[in-house]
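> Here is my input, please return the structure:
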Amino acid sequence: MKKIYHLSTCGTCKKILEETQALARGFVLQDIKKEKITADQLKEMKELAGSYEALFSRRSQKYRPMGLHEKQLTEKDYHDLILEEYSFLKRPVAIADGKIYIGADVKNI
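Residues are numbered from 1 along each chain as shown. Take a look at the predicted model:
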């Protein structure tokens, strides 16, 4: 299955979805604000990406206010934070043919 985890309110995600014609190419879309990421989905992403840190966005609006920039985060921390707050997932995340593409580069998808 081909799937893209995205945020419908994110202009960059919208642009990428349009430019790549994701729906026409058979991707299933999951708006992570409306439909939270499950632990199993996150585990699948981690297995493909190699780490939870690779999936973690330090650009989230909550990163600095929570003081996370001053802490040494572990893989468990990244895991828990992504499940707790959707904005900590780098996006979009696309999974197709056993490969993962993370971030806002159209060439990735």
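> ok, residue 52 - contacts?
42, 46, 75, 78, 79, 82 (CB atoms under 8 Å, 6 or more residues apart in numbering). For glycine as for every other residue, the C-beta is placed from the backbone atoms N, C-alpha and C.
> Most neighbours among those, which one?
Of all the contacts of residue 52, the most densely surrounded is residue 82 (24 neighbours; neighbours counted as other CB atoms under 10 Å).
> Which per-residue confidence value corresponds to it?
Here the pLDDT value assigned to residue 82 is 98.
> Dump the contacts of residue 52 to JSON lines, plus distance to residue 28 and secondary structure.
Putting the contacts of residue 52 into JSON lines (distance: CB to CB, whole Å; DSSP: H, G, I helix; E, B strand; the rest coil) gives the following:
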{"residue": "42", "distance to residue 28": "16", "secondary structure": "helix"}
{"residue": "46", "distance to residue 28": "19", "secondary structure": "helix"}
{"residue": "75", "distance to residue 28": "27", "secondary structure": "helix"}
{"residue": "78", "distance to residue 28": "25", "secondary structure": "helix"}
{"residue": "79", "distance to residue 28": "23", "secondary structure": "helix"}
{"residue": "82", "distance to residue 28": "20", "secondary structure": "helix"}
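> JSON lines please, covering the residues you listed and showing distance to residue 60.
Below are the contacts of residue 52 laid out as JSON lines (distance: CB to CB, whole Å):
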{"residue": "42", "distance to residue 60": "16"}
{"residue": "46", "distance to residue 60": "18"}
{"residue": "75", "distance to residue 60": "17"}
{"residue": "78", "distance to residue 60": "12"}
{"residue": "79", "distance to residue 60": "15"}
{"residue": "82", "distance to residue 60": "10"}
